[in-house]
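Engineer: pasting a predicted model and its sequence here:
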Amino acid sequence: MKVTVAKVDEIYFDGEADSLSVAGASGQMMVLPKHMPLITTLKPCTLVVRVGNEAKKFEIEGGILEVRRDAATVIL
């Protein structure tokens, strides 16, 4: 699935990923390809984007997550 993690003026990650782990309004969640669509606020956490065996980690203070069938966008 395509994952984008960005601020208004900076892109932290933009590419294909196997999963995205983050703390949403209702708790910790993992987004996988073909996840049901949703929009949620994010709590401060370590956001993890997994690409194969590699984990890219980002410390965030909160934000918004939008999930579509084959894409997830995080706005910080």
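Structural biologist: Thanks, I have it. Given the structure is predicted, the values throughout are model-derived calculations rather than measurements. Numbering: from 1, shown residues only.

Engineer: alpha carbons only for contacts and neighbour counts from here, please
Structural biologist: OK.

Engineer: next, the distance between the ends of stretch 12-21.
Structural biologist: Distance across stretch 12-21, first residue to last, is 15 Å (CA to CA, to the nearest Å).

Engineer: for the closest residue to Leu76 other than its chain neighbours, give me its contacts.
Structural biologist: Nearest non-adjacent residue to Leu76, counting by CA to CA, 6 or more residues apart in numbering: Gly63, 4.4 Å away. Contact analysis of Gly63 by CA atoms under 8 Å, 6 or more residues apart in numbering lists 41-43, 74-76.

Engineer: distance check, Gly63 against Glu54.
Structural biologist: Distance of Gly63 to Glu54, computed by CA to CA: 23 Å.

Engineer: for Asp70, same thing?
Structural biologist: From Asp70 to Glu54 the distance is 20 Å (CA to CA).

Engineer: ok, these two, which is more surrounded?
Structural biologist: Asp70 (15 against 11; other CA atoms under 10 Å).

Engineer: and for the residue nearest to the more buried one when sequence neighbours are not counted, the neighbour number?
Structural biologist: The shortest distance from Asp70 to any non-neighbouring residue, by CA to CA, 6+ apart, is to Met1 (4.8 Å). Met1: 18 surrounding residues under other CA under 10 Å.

Engineer: lovely, talk soon.
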